[in-house]
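**Q** Show me the folded form of this:
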Amino acid sequence: MHLGNSIICPVTGIPMIAAMGVTAFWAFKKAKNDFTKDKILPTVMLTALVFCLQMINFAIPTTSSSGHIVGAVLLSAILGPYVAFLSICTILLVQGVFFADGGLLALGCNIFNMGFLACFVAYPIMKKSFANNPIFATFLASIVALQLGSLAVVAESTLSGSVTNPAMFASLMQGIHLAIGVVEGIFTAILVAITNKICVSKKFSYIMGIFALLLAGVISNYASAKPDGLEWSLLNMSEGFVAQTQGQIYTMSELLQAKMAVLGGFAF
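**A** Numbers count the residues shown, from 1 in each chain. Reported below is the predicted structural model:
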């Protein structure tokens with residue numbers, strides 16, 4: 001679901017960057033109220049884990065597409081929504097700046113689609129609606145978060161003028177991300193169930209760190225090379241996509257990202 005520069009025009013991208021910057025500052029102020037030193041290690045390790053999970057695409061059966069875990073609901077359930085949002089901001093910023101995964105011009109949109117909607121809309125609503133069943137709440141929140149995110153992608157790309165048939169694009173995005181959301185929901189529910197049974201301690205944090213290393217160093221080598229849900233949807237749009245590659249702001253964004261993406265050779 002990582003939007004690139006060619007999908008988002010400056011008129012859409014720049015206000016979203018500003019809005020998410022303000023939101024990140026607000027989340028930081030809120031997170032400071034109950035963030036203690038003992039939460040630093042779990043936050044770092046879980047953020048690293050989600051970063052690595054986003055590296056690994058899994059194939060969607062019966063389609064020529066793939067998907068990856070976003071992890072925002074997982075982080076919200078374990079760390080709380082404010083810290084989770086800041087973690088997603090960090091992940092997407094590092095991916096965009098150093099790995100060229102997601103456009104700099106689209107950074108605000110990507111944070112909104114994958115972070116804000118999951119941490120501050122899907123997860124709180126599902127948590128409140130299914131207060132007696134937190135595991136099911138995280139499962140459902142993962143699905144809802146991806147559905148909301150995919151709709152946001154449709155809205156942002158339509159406003160940018162890159163998609164000329166939003167109804168078709170929405171149906172493709174909703175369908176493929178429903179399948180991805182079910183997989184993420186199952187994974188998230190399992191991991192949250194485990195953390196509910198054990199204390200989120202230093203030992204747990206180190207285990208998550210080792211898991212992240214295994215994902216990045218070993219399992220990522222077997223990631224699916226099929227197009228992800230967004231790419232698959234655009235490929236099936238035929239002539240319904242118009243790349244937004246005109247103007248000085250786009251050119252400057254591309255040049256800046258090319259210079260900063262020192263790890264751009266590592267494919268996500």
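**Q** L172 - how many residues pack around it?
**A** By other CB atoms under 10 Å, the residues close to L172 number 23. Where you see a C-beta, it was placed from the backbone N, CA and C, and this is true even at glycine.
**Q** Select the longest helix from the chain.
**A** The longest helix of the chain (DSSP state H) is helix 166-197.
**Q** Now do the buried residues in it.
**A** Within helix 166-197, the residues scored as buried using 16 or more other CB atoms under 10 Å are 168-170, 172-174, 176-177, 179-185, 187-189, 191-192, 195.
**Q** State the next helix or strand along the chain beyond it.
**A** Sequence-wise, the next helix or strand downstream of helix 166-197 (DSSP states H and E) is helix 202-217.
**Q** wouldn't I91 be in contact with F51 here?
**A** Yes - taking contacts as CB atoms under 8 Å, I91 lies within contact range of F51: 4.9 Å.
**Q** Alpha carbons of stretch 184-201, as CSV, please.
**A** C-alpha atoms of stretch 184-201 as CSV (Å, rounded to 0.1, in the frame of the first residue of the first chain):
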residue,chain,number,x,y,z
GLU,A,184,-2.8,-9.9,8.9
GLY,A,185,-5.8,-10.3,11.3
ILE,A,186,-4.9,-13.9,12.0
PHE,A,187,-1.3,-13.1,12.6
THR,A,188,-2.1,-10.1,14.8
ALA,A,189,-4.6,-12.0,16.9
ILE,A,190,-2.2,-14.9,17.5
LEU,A,191,0.6,-12.5,18.6
VAL,A,192,-1.7,-10.4,20.8
ALA,A,193,-3.0,-13.6,22.4
ILE,A,194,0.5,-14.6,23.3
THR,A,195,1.4,-11.2,24.7
ASN,A,196,-1.8,-11.3,26.8
LYS,A,197,-0.6,-14.5,28.4
ILE,A,198,2.9,-13.3,29.2
CYS,A,199,4.5,-10.2,30.5
VAL,A,200,6.0,-7.8,27.9
SER,A,201,9.4,-7.9,29.5
